[in-house]
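Trainee: what follows is a predicted structure for the sequence shown.
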Amino acid sequence: MNKRYYLHRISHEDYVSYSLLESGYLTLGWGYFAGTDILDAVIEGNMAKFEEITTGCSRSRWSIWYFAKMNIGDTVVVPLYGGKFSVFKVVELAKSISELETIMSTVKTAWGNNKLTWKEHRIYDDTNNRCIDLGFYIKVEPIVKNVPRSFVDSKFVSRMKIRVTTADITDIKANVEDGIQAGINNKPILLYEETIDDLVIQVKQSIVKNLDDSKFEKIIKWYLEKCGASLVWIPAKNEAGKVDGADADIIAEFDNLKFTVYVQAKHHEGDTDEWSVEQIKRYKDQKETGDEGCTYATWVISSADSFTDRAKILAAEYGVRLVNGNDFARMLIDIGLLDINKAF
């Protein structure tokens with residue numbers, strides 16, 4: 001059987017899936033189906049049985065099909081936060097998450113260093129009193145890790161932006177192999193890197209000079225819409241139910257990924273302090289509701305050059321993603337600036 005190339009996202013239940021990937025386990029959500037024979041249906045190629053098991057589910061259920069189709073020796077590209085990606089080799093076929101219990105009695109979280117336990121053969125978060133929605137895993141080994149997307153060509157970068165959880169990308173296998181070599185050699189495509197660095201400086205300067213607080217929030221909203229969010233909105237400043245300084249400036253929902261992002265926006269120069277981290281963390285604590293299948297992420301996006309040391313410490317503790325002015329400028333460039341004026 002010819003080797004296949006896949007792309008697979010792990011943003012769902014990211015604080016657990018990132019940790020498991022570091023231990024060599026690539027995971028998928030859909031915990032509801034963990035106790036079914038859906039993997040057998042895929043391995044047998046029985047599409048009718050697969051359709052029967054997943055009746056009533058959204059189109060994103062096909063991520064299970066592609067995940068279970070991964071064979072030993074196949075290559076999997078995993079896009080990561082921070083504009084990077086890693087590439088892995090499949091060493092075992094997909095299994096139910098319950099089989100991982102005999103291998104790992106506890107699971108560490110990627111941020112905060114908390115330990116999760118097992119309950120009824122599912123990973124369980126005692127702190128938040130919820131079952132982690134991960135249903136399946138594949139044993140993998142790294143080929144290359146944490147490669148900047150700027151190291152690879154535009155076709156590969158574009159494919160890493162597709163909105164689905166899992167996809168067969170064998171049609172660009174040559175681009176993937178070039179990307180693997182770029183990562184191994186730690187050698188980027190210099191034309192892109194040099195050009196992007198100059199553009200980042202220009203875009204950041206424009207953000208600081210030409211935008212006010214309101215327009216900065218609107219451009220973040222536009223960015224999240226370009227990323228494929230199902231719904232993005234800017235809550236009212238006097239939104240009911242907020243206490244103790246809790247605040248989010250932009251909220252984005254990605255229905256197909258069951259992923260919601262709360263964003264605190266800070267438009268200023270210098271360093272952004274820890275208050276922004278506290279605000280967004282408190283907002284999530286107060287507003288996060290009962291959809292156990294959804295992952296809630298917290299971001300602070302700032303036009304400033306950097307964050308204070310205290311802000312970085314708290315962000316690591318709370319699992320808050322920090323995006324400084326240069327990072328956000330690069331994110332805007334990567335997504336494309338052609339219709340950016342539509343943000344206002």
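Mentor: In hand now; what should we look at?

Trainee: what are the boundaries of the helices in the stretch 151-300 of the chain?
Mentor: Counting by DSSP state H, counting those that start in this stretch, the stretch 151-300 of the chain has these helices, from start to end: 154-159, 173-185, 190-210, 213-226, 275-287.

Trainee: those: which one's closest to Asn146?
Mentor: For these, the distance to Asn146 is smallest for helix 173-185, at 8.1 Å, taking Cβ to Cβ. Every C-beta, even on glycine, is put in place using the N, C-alpha and C of the backbone.

Trainee: with just CA atoms, put that closest one into PDB.
Mentor: Listed next in PDB are the C-alpha coordinates belonging to helix 173-185 (Å, rounded to 0.1, in the frame of the first residue of the first chain):
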ATOM      1  CA  LYS A 173       3.500  15.200  -0.700                       C
ATOM      2  CA  ALA A 174       6.400  16.800  -2.500                       C
ATOM      3  CA  ASN A 175       5.800  20.100  -0.700                       C
ATOM      4  CA  VAL A 176       5.500  18.200   2.600                       C
ATOM      5  CA  GLU A 177       8.800  16.400   2.000                       C
ATOM      6  CA  ASP A 178      10.500  19.700   1.200                       C
ATOM      7  CA  GLY A 179       9.100  21.100   4.400                       C
ATOM      8  CA  ILE A 180      10.400  18.200   6.400                       C
ATOM      9  CA  GLN A 181      13.900  18.800   5.000                       C
ATOM     10  CA  ALA A 182      13.700  22.500   5.700                       C
ATOM     11  CA  GLY A 183      12.900  21.700   9.300                       C
ATOM     12  CA  ILE A 184      15.600  19.100   9.600                       C
ATOM     13  CA  ASN A 185      18.200  21.400   8.100                       C
END
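
Trainee: mind listing what's buried in it?
Mentor: Along helix 173-185, the positions that meet the burial threshold by neighbour count (16 or more other Cβ atoms under 10 Å) are Asn175, Val176, Asp178, Gly179, Ile180, Ala182, Gly183.

Trainee: for these, which one is nearest Cys131?
Mentor: Closest to Cys131 out of the buried residues of helix 173-185 is Val176 (34.4 Å), distances taken as Cβ to Cβ.

Trainee: nearest residue to that closest one other than its sequence neighbours?
Mentor: Nearest non-adjacent residue to Val176, counting by Cβ to Cβ, 6 or more residues apart in numbering: Tyr5, 5.4 Å away.

Trainee: how far away is that neighbour from Asp74?
Mentor: Distance, Tyr5 to Asp74, using Cβ to Cβ, to the nearest Å: 7 Å.
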